[in-house]
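Enquirer: Just a sequence and a predicted model for now, questions to come.
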Amino acid sequence: MRLTFYGAVESVTGSCFLLETPKGKLLIDCGMHQGERMCSKVNLEPFGFQPEHIDAVIVTHAHFDHTGRLPDLVKQGYNGKIFMTPPTKGLMELVLEDSVHVMAENAKKCGDPVVYEKQDLHNMLEAVVTVPYHHVTAVFEGVTVEFFDAGHILGSSFVRVVVDDAGESKTLIFSGDIGNDDVPILPDTEVRPAADYVICEATYGAKEHEKAAVREPMLANFVKKVIGRNGTLIIPAFSVERTQELLFALDQLLQRGEIPSIPMYLDSPLAIRATELYRFFSDYLSFDHPAAPGKDGDWFRFPSLTETLTVDASKVINDDNRPKVIIAGNGMMTGGRVLHHMARYISDAKSGLLIIGYQADHTLGRKIQNGATQINIYGEPHQVRAELLTIDAFSAHGDQKKLTTFVRGNGALPKQVFLVHGEGPTKDAFATHLRASLGVEVQIPHVMQTYEL
């Protein structure tokens, strides 16, 4: 049995792993690499394997860096089934429909190549098979998979893969992305069951987040600070999970009177549609304030919130000169409507920029976090004068403590741990920590590196 790492190994994004068993080949995730532009050169390169020779695909969750190349996989010859949880299919369809639109726009504006089109997405969705949590499924002879709740986003999973390897049973766990502790709208990450091998993400493997209890107070204080000086607060938010957590927190703060009822705009068609799916799949959610759903019975909507689905509705925000909050995508500030608002307010010292999600290397968000005093938006220079605040407690990724708990699992330590989905120094630090604290063997794979298991 062989495991090869094709993505998310020398960077944080682009998850893609190939497990070759005696009876077939299983692909785990097939994501886009994310950076300053969607159509980066790496996303146009060959997969490194032949799609038509893959026997099955499993998907851990709907985020673009785990699903973004699935239509391209089908376009290039994959003709098998793609397994995921029901909410993952719904969210993935929204995310990839948005990516088709963005690629088409980039092709017009910048001459970027289009990786795939709407028909390719439709063909890929035809291959999807939805599987609920804890339903053991044979994906081909000798291989079964089981999805467990990862607590990262709606429908997210870590996956147990059991392989019959020449009469010997071997078990692997693929973490996908492991959720933060005490996420206010999701169940906790399930305990990892026993496994021979664990492939674990390491996004925050060298860091500990602020305690969850500071999440809402820090948000309330920054809202009041920016609004108190008649500024505009811009919150670049990932459309799936981060936006819904943020809306929930704002709803709770407004109900308790801890922030003023000022105009708030949700300016992201993808986030608006994703929030509808959160309502539809509410059985997968777990709220930490069950007694306070709001007067309208909706966790994600409140009277001062305006959802701007259309471009014309978005433009109306420019006419509102009152202190306000604008929530817009995308979360790393590499595109989307948030750039229009940043161009308008980033040079205003009265305004604020709140970062509540991971900013990948080479993104505009990372440049601002690293202290850039001038940035370019649509080719125009802008001075960065707005006040910046980052709240890591809103992160959808577990920190070092949470990831260590995941690797420890039910107490039966794996033979080997493979660290993925993290920057080099972070993975090195987390590997050192795991070796010292748990005594496990840790590997840090390189791109296209193969391990015999």
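Expert: Sure, I can see it. Numbers count the residues shown, from 1 in each chain.

Enquirer: where does this structure have low pLDDT?
Expert: The chain contains residues with pLDDT under 70 at 35-41, 109-110, 289-297.

Enquirer: How is it partitioned into domains?
Expert: The chain breaks down by automatic domain parsing into domains covering 2-207+396-452, 212-394.

Enquirer: Switch these over to CSV; also include mean neighbour count.
Expert: In short, each C-beta sits where N, CA and C put it, glycine included. Listed next are the domains of the chain as CSV, based on neighbours: other CB atoms under 10 Å:
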stretch, mean neighbour count
domain 2-207+396-452, 20
domain 212-394, 18
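
Enquirer: you'd agree Ala328 is up against Tyr345?
Expert: No - counting by CB atoms under 8 Å, Ala328 sits too far from Tyr345 to count as a contact (11.3 Å).

Enquirer: What's the end-to-end length of stretch 252-270?
Expert: 23 Å (CA to CA, to the nearest Å).

Enquirer: That stretch: how far from the chain's middle?
Expert: 23 Å (CA atoms, centre = their mean, to the nearest Å).

Enquirer: same thing with stretch 432-448?
Expert: So, by CA atoms, centre = their mean, the centroid of stretch 432-448 is 23 Å from its chain's centroid.

Enquirer: Leaving out sequence neighbours, find the closest residue to Thr306.
Expert: Tyr265 (5.2 Å; CB to CB, 6 or more residues apart in numbering).

Enquirer: who's in contact with whichever strand or helix holds that neighbour?
Expert: Per DSSP states H and E: Tyr265 is located in strand 264-267. Residues outside strand 264-267 that contact it (CB atoms under 8 Å, 6 or more residues apart in numbering) are 243, 247, 250, 272, 275, 302, 304-308, 314, 317, 324-328, 337-338, 341.

Enquirer: Among those, which are located in strands?
Expert: If you go by DSSP state E, these have 305-307, 324-328 in strands.

Enquirer: out of these, who's nearest Asp72?
Expert: The closest of those to Asp72 turns out to be Ala328 (CB to CB; 27.4 Å).

Enquirer: all helices of this protein, in order?
Expert: Using DSSP state H, the helices of the chain run over 64-67, 70-75, 86-110, 118-126, 215-228, 242-255, 269-280, 311-316, 338-345, 364-369, 400-408, 424-438.

Enquirer: will you turn those helices into a markdown table that also has distance to Ser175?
Expert: Formatted as a markdown table, the helices of the chain follow (distance: least, CB to CB, whole Å):
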| stretch | distance to Ser175 |
| --- | --- |
| helix 64-67 | 11 |
| helix 70-75 | 19 |
| helix 86-110 | 15 |
| helix 118-126 | 24 |
| helix 215-228 | 23 |
| helix 242-255 | 19 |
| helix 269-280 | 23 |
| helix 311-316 | 37 |
| helix 338-345 | 29 |
| helix 364-369 | 23 |
| helix 400-408 | 7 |
| helix 424-438 | 12 |
